[in-house]
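1. Quick one, what's the 3D model for this:
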Amino acid sequence: MVGARSIPHWLETLLGEKFFDTCTVHESAKKNEKNIFCLDCCITICPHCLPLHRPHRRLQIRRYVYQDVIRLSDAQKLINCSLVQPYKTNSAKVVFLNERPTLSRPFRGSGNLCIRCDRCLQDPFLFCSLSCKVNHLETATTEFLKKKHSCVSMPRVLCRSKCVAAASAAAATETISRRKSVPQRSPLN
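-> Numbers count the residues shown, from 1 in each chain. Below is the predicted model of the structure:
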């Protein structure tokens, strides 16, 4: 962990890394694209560098629609991928590593939007990529800690009154948006 953040160092490095560049160590060899990430060393390697990293934990990075992806089954062994929309490619489910580019034309269908970048998603999912989920959780954790810290620094009576006011405002919003009764259908004559 880095400071107060809960993001593992290898995940932070993975999301910031550039893949599919030529390996500088094996420039003259064929198939020298760096498409493997060593979790223990936090570096990208090509297939020719693999023997040096045999005992290490590794992730293979793949390409899907010109974007970096990893297999969902591999990712789930390391991190919680719930609420990240998977895609199917070559009969394997994959998740995008980084935020996907936004579409130039607006999508007119129904469904969810990514909480972070407003990309259209299928119904139960909230994030289009791992980086969107990580960034959202990091921001939410930071905001929570700021609120908690500000509440700790103020007198207990003020803190309690603030919490009660926030709870009553949330309850008022809930009752306003709730449907008043079961809708009445017109009889079929």
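2. and Ser129, what are its bridge partners?
-> Phe96 (DSSP bridges).
3. what's the residue nearest to the spatial centre of the chain in contact with, if anything?
-> The chain has Lys133 as the residue nearest its centroid, 2.3 Å off, counting by CA atoms, centre = their mean. Counting by CB atoms under 8 Å, 6 or more residues apart in numbering, Lys133 makes contact with Cys81, Leu83, Val84, Arg116, Leu126, Phe127. Yep, even glycine has a C-beta here, placed from its N, CA and C like the rest.
4. how about it, secondary structure?
-> Assigned with DSSP: H, G, I helix; E, B strand; the rest coil, Lys133 falls in the helix class.
5. right, and Val69 touches Thr89 too?
-> Yes - assessed by CB atoms under 8 Å, Val69 is found in contact with Thr89 at 7.4 Å.
6. Overlap of the contact sets of these two?
-> Shared contacts of Val69 and Thr89, defined by CB under 8 Å, 6+ apart, are found at Arg62.
7. those strands in this protein, which residues are they?
-> 36-38, 43-45, 58-60, 62-64, 67-71, 87-89, 92-96, 112-113, 120-121 (DSSP state E).
8. Tell me which of those sits nearest to His26.
-> Across these, His26 has its closest neighbour in strand 43-45 (9.6 Å, CB to CB).
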